[in-house]
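Participant: using only what follows, build the 3D model:
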Amino acid sequence: MKIAESELIINSDGSVFHLHLRPEELADNVILVGDPGRVDMIAEYLDDREFRHQSREFVSVTGKYKGVRMTVISTGIGTDNIDIVMNELDALANIDFATREIKDVKRSLNIIRIGTSGAIQPDIPLGSFVFSHVSVGCDGLMNWYADRDKIVMPGIEEAFKKHTGWNSHLTDPYFVKAGQKMIDKFSDCTIKGMTIAASGFYGPQGRVLRLPLAMPDMLDTFESFRYEDWRVTNFEMEGSAIAGIAAHLGHNAGTVCCIIANRHLKSSNPDYKPQVRKLVELVLDKLAE
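Facilitator: Below is the predicted model:
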């Protein structure tokens, strides 16, 4: 079936609409970062850089690290942007742009997000690296796609809603595991995480400035939640959409974050960039293995 021009917009230069990448420019290994400036920092480690594209918040570079081809892309903030990035990455990999038809042989990408995060458990130190074995989508994105229940963990979802007294006006949370290959790759060098992907930075993460919260005890109930050997470890804003869309489309994806604040201890590290650089080096080395 041919995909209509209105559904997959291809630019006049043959690139996909938002990312401005052409299919041949996409490597099998993809690093996602929120900050466009972080793309250039990671690009310092790459040899044989092929290009640098920029369209709005989406900056991309493809090059090689230790001989392995990698693409680095900035997404900006939030799961709405991740919906764009993940669908366009899959289109680049698995739709023939000439015929607008889905390819018979599918390409599976290795996708890892490098981010920063706030821990909610007191024993998770600043500067540590948390890999999201499970992402908790409080953003609602995956509820818009069919077969949502095929990729989620329903038992823990129901237990979480009961424990927190989930507000009925909020979208149902969803729990999605990262790709097992990506989990295995980072299990020996990161903290096992179950990470809340929030739909905002303030209220959705329990911060109060002038607006009160619909769930005033949210941080305490998140921190105290337990299900088998799972506990909520940290907040970020993109991982659930990455894990969910990747699970549907057959990509191997995950999120790893540097902890720059601890919400329980009310502490933060404003000088976190050296630790983020160490995390970048770790991810590059792991992808190049």
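Participant: and the helix or strand bottoming out on mean pLDDT in the chain, what does it pack onto?
Facilitator: Within the chain, no helix or strand scores below strand 267-268, which has a mean of 92 by mean pLDDT, DSSP states H and E. The contact analysis (3 or more C-beta pairs under 8 Å, 6 or more residues apart in numbering; DSSP states H and E) places strand 267-268 against strand 252-262. In short, each C-beta sits where N, CA and C put it, glycine included.
Participant: what is the strand it packs on packed up against?
Facilitator: With contacts taken as 3+ C-beta pairs under 8 Å, 6+ apart, strand 252-262 sits against strand 110-119, strand 129-137, helix 180-186, strand 191-197, strand 234-236, helix 239-249, strand 267-268, helix 273-288.
Participant: try it again at 7 Å.
Facilitator: For strand 252-262, the elements it packs on are strand 110-119, strand 129-137, helix 180-186, strand 234-236, helix 239-249, strand 267-268, helix 273-288, judged by 3 or more C-beta pairs under 7 Å, 6 or more residues apart in numbering; DSSP states H and E.
Participant: output those as TSV; include the columns distance to Asn81.
Facilitator: Shown next, in TSV, are the helices and strands packed on strand 252-262 (distance: least, C-beta to C-beta, whole Å):
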stretch	distance to Asn81
strand 110-119	12
strand 129-137	15
helix 180-186	21
strand 234-236	13
helix 239-249	9
strand 267-268	25
helix 273-288	20
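Participant: comparing the ones you listed, which yields the minimum mean pLDDT?
Facilitator: Mean pLDDT is lowest for strand 267-268 out of the helices and strands packed on strand 252-262, coming in at a mean of 92.
Participant: distance between it and the chain's centre?
Facilitator: How far strand 267-268 lies from its chain's middle: 23 Å, per C-alpha atoms, centre = their mean, to the nearest Å.
Participant: what strands flank that strand, and is each parallel or antiparallel?
Facilitator: Strand 267-268 has the following strand partners under DSSP bridges: strand 252-262 (antiparallel).
Participant: and the spatially most central residue of the chain, what does it touch?
Facilitator: Centroid-nearest residue in the chain: Gly239, 3.1 Å away (criterion: C-alpha atoms, centre = their mean). Residues near Gly239 by C-beta atoms under 7 Å, 6 or more residues apart in numbering: Arg113, Ser132, Ser135, Thr195, Ala197, Thr255.
Participant: among those, which one has the most neighbours?
Facilitator: With neighbours taken as other C-beta atoms under 10 Å, the top of those is Ser132, carrying 34 neighbours.
Participant: could you find the closest non-adjacent residue to it?
Facilitator: In space, Ser132 comes closest to Thr195 once its chain neighbours are excluded; the distance is 4.0 Å by C-beta to C-beta, 6 or more residues apart in numbering.
Participant: again, but for Thr233
Facilitator: Using C-beta to C-beta, 6+ apart and skipping residues adjacent in sequence, the residue nearest Thr233 is Gly193, 4.3 Å away.
Participant: the one you found and Ser132 touch, don't they?
Facilitator: Yes - using C-beta atoms under 7 Å, Gly193 makes contact with Ser132 at a distance of 4.7 Å.
Participant: quick one: low-confidence ranges for the stretch 101-250 of the chain?
Facilitator: Across the stretch 101-250 of the chain, nothing is flagged by pLDDT under 70.
Participant: state the number of residues packed around Val134.
Facilitator: Counted with other C-beta under 10 Å, residues neighbouring Val134 total 22.
Participant: ok, now how distant is it from Glu57?
Facilitator: Distance, Val134 to Glu57, using C-beta to C-beta, to the nearest Å: 27 Å.
Participant: got it, and Arg207?
Facilitator: Remark: distance between Arg207 and Glu57 (C-beta to C-beta) = 23 Å.
Participant: go on, Glu50?
Facilitator: Separation of Glu50 from Glu57 (C-beta to C-beta): 21 Å.
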